[in-house]
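S.K.: Curious how this folds, go ahead:
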Amino acid sequence: MTVMPSESGGRRLVVVGASWGGLDAVGTVLADLDPDSSPPVAVAQHRADLGEDALARALQGRTRMRVVEAHDKAAIEPGAVYLAPPDYHLLVEDGHFALSLEPPVRYSRPSIDALFESAADVYGESVVAVLLTGANDDGTRGMRAVKRAGGLALVQDPSTAVRPEMPASAIAAGLADRVLGLPAIAAAINDLGAAV
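M.R.: Purely as a prediction, here's the structure:
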């Protein structure tokens, strides 16, 4: 079943951005997600190429959601987590993902800003953006696009982050709807899914 954007907010897409310290942070959030109620999740994490599907395998052991590296034109399906492959931007299109080799954004490819902005363009108020630990300000511009589209912005409490700079940047810009610890982020996503 493909999830299509809905102006009523009846369908949601969760987009997650993480950098330094992100493997554990993303894993902690995914661990508590309910595959029967969670919206689909797309993740842009700054990372080295550790081999095909290495990050997917590492995260799959921590969640009941299905974790895969996204492929170009892959349909967006509920109960799944889609990871940006190394050195590709992950973009959201109408009902599916696209991969891009456009130049790095804020020195990063995949770019959190690129994922968040494309999700905001397609899903509007139905996008939920989650910004986690990281050592730069990638994600702040994308969060701004999500907020302009009427979406929800969840930001990790910087005091709980391995590197606080990325979540602190979004908070300083006044973009966070909620500042939460990692288990509370998962609970908030589950609550959104239950409300659909």
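
S.K.: E117 and G139, how far apart?
M.R.: 10 Å (Cβ to Cβ, to the nearest Å). In short, each C-beta sits where N, CA and C put it, glycine included.

S.K.: quick one: which of these two has more around it?
M.R.: G139 (34 against 23; other Cβ atoms under 10 Å).

S.K.: which residues touch the residue lying closest to R64 once chain neighbours are set aside?
M.R.: Leaving aside its chain neighbours, R64 sits nearest to P35 (4.9 Å; criterion: Cβ to Cβ, 6 or more residues apart in numbering). Contact partners of P35, counting by Cβ atoms under 8 Å, 6 or more residues apart in numbering, are 64-66, 79.

S.K.: Going by neighbour count, which of these comes out on top?
M.R.: When neighbours are taken as other Cβ under 10 Å, the top entry among those is M65 (20 neighbours).

S.K.: you'd agree that one is up against L33?
M.R.: Yes - under the criterion of Cβ atoms under 8 Å, M65 makes contact with L33 at 5.5 Å.

S.K.: list the residues that contact both of these two?
M.R.: Going by Cβ under 8 Å, 6+ apart, residues that sit against M65 and also against L33 are V41.

S.K.: Where do the strands of the protein begin and end?
M.R.: Using DSSP state E, the strands found in the chain span residues 13-18, 41-45, 66-69, 80-83, 89-92, 97-100, 127-131, 152-156, 178-180.

S.K.: hmm, who's touching the biggest helix by length in the chain?
M.R.: Secondary structure of the chain per DSSP state H: the longest helix is helix 182-195. Helix 182-195 has contacts (Cβ under 8 Å, 6+ apart) with 12, 14, 25, 28-34, 37-39, 41, 128, 130, 132, 152, 154, 156, 160, 178, 180.

S.K.: Next: stretch 23-34.
M.R.: By Cβ under 8 Å, 6+ apart, stretch 23-34 touches 16, 18, 41, 43, 45, 47, 55, 58-59, 62-65, 67, 81, 130, 132-133, 156, 161-162, 182-183, 185-187, 189-190, 193.

S.K.: okay, and for this structure, where does confidence drop off?
M.R.: 1-11, 48-52, 193-196 (pLDDT under 70).

S.K.: Distance-wise, check the residue nearest to R64 relative to E93.
M.R.: Per Cβ to Cβ, P35 is found 24 Å from E93.

S.K.: How about V155?
M.R.: 26 Å.

S.K.: So between these two, which is more surrounded?
M.R.: Remark: of V155 and E93, V155 carries more neighbours, 25 against 13, as counted by other Cβ under 10 Å.

S.K.: Test my guess that the more buried one contacts G174.
M.R.: No - V155 lies out of contact with G174 (Cβ under 8 Å); the separation is 11.1 Å.

S.K.: I am finished for the moment; much appreciated.
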